[in-house]
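# sequence first, then the predicted structure, then my questions.
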Amino acid sequence: MQDLTTTTILEFLNKEGLPLAGVSPIEPLLTDKRYEENIKTICPDAKCVVVFANIFPQSILEACPDNARPARFALHGLYAEGDGYCLKVARLLEKHGYRGVIIPAYLPVEMSYDTLGFKGDLNLKKAAAEAGLGSRGKSDLLITKDYGPRVRLFGVITDADLEPTLKIEEDYCTNCNICIKSCPSGALSESGCDVKKCSQFAMKHGLPNILNFIKCFESESSREGIIKKLRSLQVWDFWQALSQGSFYECFMCIKVCPVGKIKFKNK
Ligand code: SF4
Ligand code: SF4
């Protein structure tokens, strides 16, 4: 069997309908002790990360923020589809005798008081920028030339010594500041993204707000009051988010970025 090369992997991903893919060396991604420890545990002889972007269809963002349900549904699909491609890449690597360890693109993440559940096993945005898929924008998202920030990123760590793809010099962010002005939580500013502010707002039915909801029972002593709270629409929304696993409800910074926007034929 012919040895595996970067070209073989990129051709494979292109055939799967993934035009944005590359290979990042592992060293630039080990930016702190935690990432170093993670890699030692999950793939001790890691050489690089195969990273690719799954494209977010722009149309489903149009109804946001009034109705984020199509976007939430599509996001769930994007992750599921991307996970499938990761499995295929891992199998391709293994077929050639190399390890292929999938980095969770969404959940699970490490739950610790240090990371507060905000950090993945590796920084996929950095991996994608190192592999030349795009540049980091003011929204702190990866901005790609053809799709702007409307992508979701996936990565597979491997001990195969693949040739890295070239990092791009170009900055695709035009510094228009539209993302900063449109962010409804004020999480975006010239100094970057305040992830705590963003998540409190964007994950209205995520853990911090579930805990806040539970806390409200401390002040409730009557049986009727407790039942009323348990029957509130907020609980319906918690149930929906938990059963589908779709916690992101804000897509503004993805929606408004003008980079790579499609001009649809009909208004
Ligand atoms: S997801 Fe929403 S709240 Fe978070 S940074 Fe983007 S626009 Fe702001
Ligand atoms: S909206 Fe403008 S400033 Fe924000 S990431 Fe896109 S191009 Fe950059």
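All right, it came through fine. Residues are numbered from 1 along each chain as shown. Ligands and ions are numbered 1, 2, ... in the order given.
# got the residue ranges for the strands in the stretch 101-250 of the chain?
135-136, 142-143, 151-158, 188-189, 192-193 (DSSP state E, counting those that start in this stretch).
# most proximal residue of the stretch 101-250 of the chain with respect to ligand 2?
Gly137 (2.8 Å; Cβ to the nearest ligand atom). C-beta coordinates here come from the backbone N, C-alpha and C atoms, glycine included.
# flag the shaky bits of the stretch 1-150 of the chain, pLDDT-wise.
Within the stretch 1-150 of the chain, not a single segment meets pLDDT under 70.
# which residues does whichever residue of it sits closest to ligand 1 contact?
For the stretch 1-150 of the chain and ligand 1, the shortest gap (Cβ to the nearest ligand atom) falls at Ser139, measuring 6.3 Å. Residues in contact with Ser139, defined by Cβ atoms under 8 Å, 6 or more residues apart in numbering, are Pro149, Cys179, Ile180, Cys183, Leu188, Cys193, Cys253, Ile254, Cys257.
# I'd like to know how far the first one sits from Ile214.
From Pro149 over to Ile214 the distance is 34 Å, taken as Cβ to Cβ, to the nearest Å.
# how is the protein divided into domains?
For the chain, automatic domain parsing gives the domain ranges 6-158, 178-256.
# what pLDDT, on average, does the shortest one get?
In this model, domain 178-256 has an average pLDDT of 94.
# Thr174 contacts Val259, correct?
Yes - in terms of Cβ atoms under 8 Å, Thr174 counts as a neighbour of Val259; the distance is 6.6 Å.
# who has more neighbours out of the two?
Val259 (20 against 13; other Cβ atoms under 10 Å).
# not counting residues beside it along the chain, what's closest to Leu93?
Of all residues not flanking Leu93 in the chain, Gly100 sits nearest, at 3.4 Å (Cβ to Cβ, 6 or more residues apart in numbering).
# pretty sure that neighbour contacts Val49?
No - between Gly100 and Val49 there is no contact, the gap being 10.4 Å when judged by Cβ under 8 Å.
# out of Pro149 and Ile214, which sits in the more crowded spot?
Using other Cβ under 10 Å, the more surrounded residue of Pro149 and Ile214 is Pro149, with 26 against 9.
# can I assume Gly22 sits in a helix?
No - assessed by DSSP: H, G, I helix; E, B strand; the rest coil, Gly22 does not belong to a helix; its assignment is strand.
# what residues are up against the residue lying closest to it once chain neighbours are set aside?
The shortest distance from Gly22 to any non-neighbouring residue, by Cβ to Cβ, 6+ apart, is to Ala131 (3.0 Å). Applying Cβ under 8 Å, 6+ apart, we find Ala131 in contact with Ala21, Gly22, Val23, Ser24, Val49, Val51, Pro164, Thr165, Lys167.
# what about 10 Å?
6, 20-25, 48-53, 155, 164-168 (Cβ atoms under 10 Å, 6 or more residues apart in numbering).
# picking up where we left off before, any idea how far the residue nearest to Leu93 lies from Cys48?
From Gly100 across to Cys48, the span is 11 Å (Cβ to Cβ).
# neighbour count: the two, which is higher?
Legend: neighbour count by other Cβ under 10 Å for Gly100 and Cys48, higher for Cys48 (27 against 22).
# my guess is that one contacts Val101. True?
No - in this structure Cys48 lies outside contact range of Val101 using Cβ atoms under 10 Å: 11.7 Å.
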